[in-house]
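# what's the 3D shape of this:
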Amino acid sequence: MGLVEKIRTGISGLDLITYGGIPKGRTTLVAGSAGSAKTVLTAQFIGEGIRKCGESGVLVTFEESPDDIRQNMLGLGLDIAKWEAEGKWIFVDVSRRPDDHALKTGPFDLSALLARIEHAINKVNATRVGLDSLGAVFSQIDDDRLVRSELFRIGWALKKLRVTSLMTAERIEEYGSISRFGVEEFVTDNVILLRNNLENEKRRRTIEVLKLRGTNHQKGEFPFTVVTDQGIVVIPLSAIELKQRSTDIRTSSGNTELDKMCGGGFFRDSIILISGATGTGKTLAVTEFLEGGALTQERSLLFAFEESRDQLFRNASGWGVNFEALEAQGLLKVVCEYPESSSIEDHLVRMRAIIQEYKPHRVAVDSLSALERGAPQKSFREFIISLTSFLKHEEVTGHRSTGG
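Got it, this is the predicted structure:
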């Protein structure tokens, strides 16, 4: 008996924590509370299969209408209407209308639904299927044994059709029962948990792979965020490897005396932390660091979380540094954002994207204290580790300031 074959989800970070994706031809339960991005993950799983793997997909929707899903997912980079026109995506719409009235006339039976799903799979030759969400169907059934048998029937039918499928189910609590009915996890091969936990008045989304039957995966919770035009981005600290290259080349701090104290400047792949109370010159040190890069024709990138662009340029001018001229020469890029404008995970994803696009030699963050005040402690710690590792991997000199 060979190893379990996996299929890549195409979702950034998720394939890392699952060691290559989810088992092919099997059913995975995606359980989470309201707002945990269950529908996004399911739609993205199908969409990335179309975009990256040339596979078609079927989405069975029990709650949201296809029109709502098309509109909501377009902002995340999933052009479902285009894929439908190309015969790569098909909906099986089982969502209820406002004027629908339930009428019990006999025993509950999913035969007609399964026939519709099989027809849709055959029509587009689908290999990926999503069912969103099971709760809308089984909330009408009072018999737990019937719920279990019908869930097993769905899973067996999908496996027989040789498709890889995701089923979503709602949870009542973030850290309680895995699913609402308490049986969903027992009739599926794999379980992924999504959480949208409230910590110190801040929401923190995490993903946990609870089980992948017959294969290994990374354990524990991993932060993730939902990004415009990208969808879900998982941020696994476990993907960080201590394989960064090192150099003996030194680069100037921008301050002659500080360079002497450091034996000739900073090592080029160093991450430097400047700590001090208000008024001790942290922002001045950042300004000198950026000017030092410009003197050797190095591109510098400044992420500012406390002062506006106008304030930074005015203060730099007072110290004899012309930020506007450096920008015009392509030697400086300044990005100013209020810390509370986004989650710290969103800030991290955006910062990494800007660094990859601009390709700077030097990066400065002013200041970490501003970011810390708007984030849960665990999230802030993960942010520091991830950003530090990323800068080292990119061989960028990092300069960060923080309050004392």
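
# how about Arg162, secondary structure?
On the three-state scheme (DSSP: H, G, I helix; E, B strand; the rest coil), Arg162 is labelled coil.

# excluding sequence neighbours, find me the nearest residue to it.
With CB to CB, 6 or more residues apart in numbering as the measure, Gly25 is the residue that lies nearest to Arg162, at 5.4 Å, once sequence neighbours are left out. In this view, the C-beta of every residue, glycine as well, is placed from N, C-alpha and C.

# look at Pro107 and report its pLDDT.
The predicted structure scores Pro107 at 54 on the pLDDT scale.

# secondary structure element holding Gly87?
When elements are assigned from DSSP states H and E, Gly87 belongs to no helix and no strand.

# give the residue spans of the stretch 301-404 of the chain that score low on pLDDT.
Within the stretch 301-404 of the chain, the segments meeting pLDDT under 70 span 404.

# same thing but 90
Low-confidence segments of the stretch 301-404 of the chain (pLDDT under 90): 340-343, 367, 370, 372-379, 382, 389-404.

# next one: the stretch 1-150 of the chain
For the stretch 1-150 of the chain, the stretches flagged by pLDDT under 90 are 1-4, 12, 33-35, 63, 94-113, 133-150.

# can you show me the helices along it?
Residue ranges of the helices in the stretch 1-150 of the chain, as given by DSSP state H, counting those that start in this stretch, are 14-17, 38-53, 66-74, 80-85, 111-124, 135-138, 144-160.

# got JSON lines for those, with mean neighbour count and distance to Leu198 too?
Supplementary listing: the helices of the stretch 1-150 of the chain in JSON lines, determined by neighbours: other CB atoms under 10 Å; distance: least, CB to CB, whole Å:
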{"stretch": "helix 14-17", "mean neighbour count": "20", "distance to Leu198": "23"}
{"stretch": "helix 38-53", "mean neighbour count": "23", "distance to Leu198": "18"}
{"stretch": "helix 66-74", "mean neighbour count": "16", "distance to Leu198": "23"}
{"stretch": "helix 80-85", "mean neighbour count": "16", "distance to Leu198": "31"}
{"stretch": "helix 111-124", "mean neighbour count": "15", "distance to Leu198": "36"}
{"stretch": "helix 135-138", "mean neighbour count": "20", "distance to Leu198": "22"}
{"stretch": "helix 144-160", "mean neighbour count": "17", "distance to Leu198": "30"}
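
# same list, these, but as a markdown table with distance to Val226 please.
Putting these into a markdown table (distance: least, CB to CB, whole Å) gives the following:
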| stretch | distance to Val226 |
| --- | --- |
| helix 14-17 | 13 |
| helix 38-53 | 6 |
| helix 66-74 | 11 |
| helix 80-85 | 17 |
| helix 111-124 | 26 |
| helix 135-138 | 21 |
| helix 144-160 | 26 |
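
# closest one to Asp189 among those helices?
Asp189 lies closest to helix 144-160 among those, at 7.8 Å (CB to CB).

# what number of residues lie near Gly403?
16 (other CB atoms under 10 Å).

# which SSE is the closest residue in space to it that isn't next to it in sequence in?
Using CB to CB, 6+ apart and skipping the chain neighbours, the partner closest in space to Gly403 is Ser369 (3.9 Å). With the criterion set as DSSP H and E, the secondary-structure element containing Ser369 is helix 368-372.

# can you give me the strands for the stretch 201-350 of the chain?
When assigned using DSSP state E, counting those that start in this stretch, the strands of the stretch 201-350 of the chain occupy the ranges 202-212, 221-227, 231-234, 250-251, 266-267, 271-276, 300-304, 332-336.

# and the third one, what does it pack onto?
The elements that strand 231-234 packs onto, with contact taken as 3 or more CB pairs under 8 Å, 6 or more residues apart in numbering; DSSP states H and E, are helix 14-17, helix 38-53, strand 221-227.

# of the helices of the stretch 1-150 of the chain, which approaches Lys219 most closely?
helix 14-17 (9.0 Å).

# could you export the closest one as CSV, CA atoms only?
Extracted as CSV, the C-alpha positions of helix 14-17 are listed here (Å, rounded to 0.1, in the frame of the first residue of the first chain):
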residue,chain,number,x,y,z
LEU,A,14,-1.8,26.0,3.8
ASP,A,15,0.1,23.6,1.7
LEU,A,16,3.1,24.2,3.9
ILE,A,17,1.3,23.1,7.1
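
# what residue, apart from its backbone neighbours, is nearest the most centrally placed residue in the chain spatially?
Central residue check for the chain by CA atoms, centre = their mean: the C-alpha nearest the mean position is that of Val233, 1.8 Å away. On the basis of CB to CB, 6+ apart, the spatially nearest residue to Val233 that is not a chain neighbour turns out to be Ser12, at 4.7 Å.

# pretty sure the one you found contacts Thr225?
No - when contacts are counted by CB atoms under 8 Å, Ser12 is not listed as touching Thr225 (10.2 Å).

# more neighbours: which of these two?
Thr225 (22 against 19).
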